[in-house]
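# Give me a model of this one.
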Amino acid sequence: MARILGCQFNGNDGHSFTNEDCASLRFNHGRIYRHKTARINFTTYDMQQEQDSIILRTDHQDIMVLAHEDPACKGHHLCWYSQIVGIFHTDVYHVGENLKTNEPYRMDFLWVHWFCLNGSHHGGWKAHQLHQIGFFDSEEEHAFHFLDHNEII
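Take a look at the predicted model:
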């Protein structure tokens, strides 16, 4: 819903939508399609455009996105990390109040399992070592998330 309405990604907190808001979305033919690969466009450090492929059959597919945390908070980290569990797309119709088009909207998305930083391990530039991460417990509310592939760094 947030992507259709043009809301910016703000992390796990997400946006608040009512049941009526969510009911205004219709999946074309009621289908979501699963894929084994995805192509991610990105800009390199020397400002060149590149493309990378994510193939779920090979190794673990770990990604990072910009963190949406308050920089003033202690322990603020620049990036969040996750592992891709699934690659999907669907065609969505929006039939709500803020209707922008009558055409279906293709929505590519990833199903990810978030990593969390190990708070007992000190990492970073000052510590001269990498941060340690591990999966959020799968029982936690925000352990899994749907993610727009355009959020990947």
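# Kindly provide the distance from the spatially closest residue to residue 104 that is not a sequence neighbour to residue 139.
Leaving out its chain neighbours, the residue that sits closest to residue 104 by CB to CB, 6 or more residues apart in numbering is residue 91, at 4.0 Å. C-beta: built from backbone N, CA, C; applies to glycine. Distance, residue 91 to residue 139, using CB to CB, to the nearest Å: 33 Å.
# Between those two, which has more neighbouring residues?
Neighbour totals were compared for residue 91 and residue 139, and residue 91 leads with 16 against 6 (other CB atoms under 10 Å).
# Now do the contacts for the more buried one.
Each residue near residue 91 by CB atoms under 8 Å, 6 or more residues apart in numbering is listed here: 27-29, 31, 104-107.
# Between these, which sits nearest residue 126?
Checking the contacts of residue 91 against residue 126 by CB to CB gives residue 107 as the nearest, at 41.0 Å.
# where does this protein dip in pLDDT?
Across the chain, the ranges flagged by pLDDT under 70 are 9-15, 59, 69-76, 96-101, 118-119, 121.
# what's the longest strand in it?
Ranked by number of residues, the top strand in the chain under DSSP state E is strand 79-94.
# Just give me the closest of the contacts of residue 91 to residue 39.
Proximity of these to residue 39 was ranked by CB to CB; the top entry is residue 106 with 14.2 Å.
# Name whatever forms a beta bridge with the closest one.
residue 91 (DSSP bridges).
# can you check residue 38 too?
Residues in a beta bridge with residue 38, per DSSP bridges, are residue 54.
# got the contact list for it?
Residue 38 makes contact with 53-54, 87, 108, 110, 149, according to CB under 8 Å, 6+ apart.
# Now do it against residue 18, distance only.
31 Å.
# Which neighbouring elements make contact with the strand or helix carrying residue 114?
Secondary structure assignment for residue 114, by DSSP states H and E: strand 105-117. Contacts defined by 3 or more CB pairs under 8 Å, 6 or more residues apart in numbering; DSSP states H and E place strand 105-117 against strand 62-66, strand 79-94, strand 133-135, strand 144-148.
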